[in-house]
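**Student:** here's my sequence, what's the structure:
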Amino acid sequence: LHGEVVEVPERIDRSGSVVEALDIDSLRDSLHELKANERRVAAVSLLHSYLNPVHEQALCAFLREEGFSVVTASAEIRPFAKWLPRAESAVVEAYLDPVLRNYLNNVSGDLGGGSLQVMTSAGGLVSKESYRSIDSLLSGPAGGVVGAASVARRAGLEKVIALDMGGTSADVSRFDGDFDYHDRHEVGSALVSAPSLKIETVAAGGGSVCRLDGDLLAVGPESAGAH
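**Tutor:** Okay, the predicted model is just below:
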């Protein structure tokens, strides 16, 4: 999902101590080139920032001062040890946030002062202020699981298998009194570290399109009549 990558001179060690100070001045030429190419969204992910986020915070503040409209810091999104999952999650958040934030603002504006809550991939609800894009990539399937479990309880059923088919995918889940969760999931080619209900999804929706990918038969995510 990312475009250009800019390496940052700095280093924090595994105990959280600063070994090499952040050199923001060395980034000015690269930043000037990015701005000339109309880049205004950035994801920042530095080694060991989950222990000491000072460099990420300083870099994010600098990018915002320089006119970047969306800047995500990996230590704020997912503060854990593994650098690559943090970086991947920060990139996905930066990629989606401008679109989804604009959408939620439009919905909120049309509510006339009503309360807006958003479904997450874990099947819960969060306020617009607490919302993060990466927490809702599987919110539709999660809503199907929670809905099926609620219907099962009302019908007096202890166990239920749910099939939730849309235009692009079919989601299969099993409920046996409690929900199962993942802490990392894959959406397309993007790996995201975020809690989600454990749902098996296949590209077999009502409009899923089959095609040849080289010599292999592939299906979806393209769907007839959907974009």
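**Student:** where does the chain have low pLDDT?
**Tutor:** The chain contains residues with pLDDT under 70 at 188, 226-227.
**Student:** what segments of the chain are helices?
**Tutor:** Along the chain, the stretches classed as helices by DSSP state H are 28-36, 54-65, 74-77, 83-110, 139-154.
**Student:** and these, which is most packed in?
**Tutor:** By mean neighbour count, with neighbours taken as mean count of other C-beta atoms under 10 Å, helix 74-77 ranks first of the helices of the chain at a mean of 23. C-betas here are computed from N, CA, C, even on glycine.
**Student:** for it, packing partners?
**Tutor:** helix 54-65, helix 83-110 (3 or more C-beta pairs under 8 Å, 6 or more residues apart in numbering; DSSP states H and E).
**Student:** one more time with 7 Å
**Tutor:** Applying 3 or more C-beta pairs under 7 Å, 6 or more residues apart in numbering; DSSP states H and E, one finds that helix 74-77 contacts helix 83-110.
**Student:** the helix it packs on vs helix 54-65, what angle?
**Tutor:** Following axes from the mean of the first three to the mean of the last three C-alpha atoms, to 10 degrees, one obtains 40 degrees for the angle between helix 83-110 and helix 54-65.
**Student:** which elements pack onto helix 83-110?
**Tutor:** strand 41-44, strand 70-73, helix 74-77, strand 190-192.
**Student:** nearest to Val19, of the ones you listed?
**Tutor:** Across the helices and strands packed on helix 83-110, Val19 has its closest neighbour in helix 74-77 (17.1 Å, C-beta to C-beta).
**Student:** residues making contact with that closest one?
**Tutor:** 44-45, 49-50, 53, 56, 86-87, 89-90, 93, 132, 134 (C-beta atoms under 7 Å, 6 or more residues apart in numbering).
**Student:** distance of the residue nearest the centre of the chain from Leu34?
**Tutor:** By C-alpha atoms, centre = their mean, the chain has its centre lying nearest to Ile134, at 2.0 Å. From Ile134 across to Leu34, the span is 23 Å (C-beta to C-beta, to the nearest Å).
**Student:** dump the helices and strands packed on helix 83-110 to a markdown table, plus distance to Gly166.
**Tutor:** Listed next are these as a markdown table, based on distance: least, C-beta to C-beta, whole Å:
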| stretch | distance to Gly166 |
| --- | --- |
| strand 41-44 | 29 |
| strand 70-73 | 29 |
| helix 74-77 | 28 |
| strand 190-192 | 19 |
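**Student:** which one of the ones you listed lies nearest to Leu22?
**Tutor:** Nearest to Leu22, of the helices and strands packed on helix 83-110 and by C-beta to C-beta, is strand 41-44 at 10.9 Å.
**Student:** distance to Gly206 for the helices of the chain - can I get that in JSON lines?
**Tutor:** Below are the helices of the chain laid out as JSON lines (distance: least, C-beta to C-beta, whole Å):
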{"stretch": "helix 28-36", "distance to Gly206": "42"}
{"stretch": "helix 54-65", "distance to Gly206": "43"}
{"stretch": "helix 74-77", "distance to Gly206": "34"}
{"stretch": "helix 83-110", "distance to Gly206": "24"}
{"stretch": "helix 139-154", "distance to Gly206": "14"}
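**Student:** among these, which is nearest Gly16?
**Tutor:** Closest of the helices of the chain to Gly16 is helix 54-65, at 9.2 Å (criterion: C-beta to C-beta).
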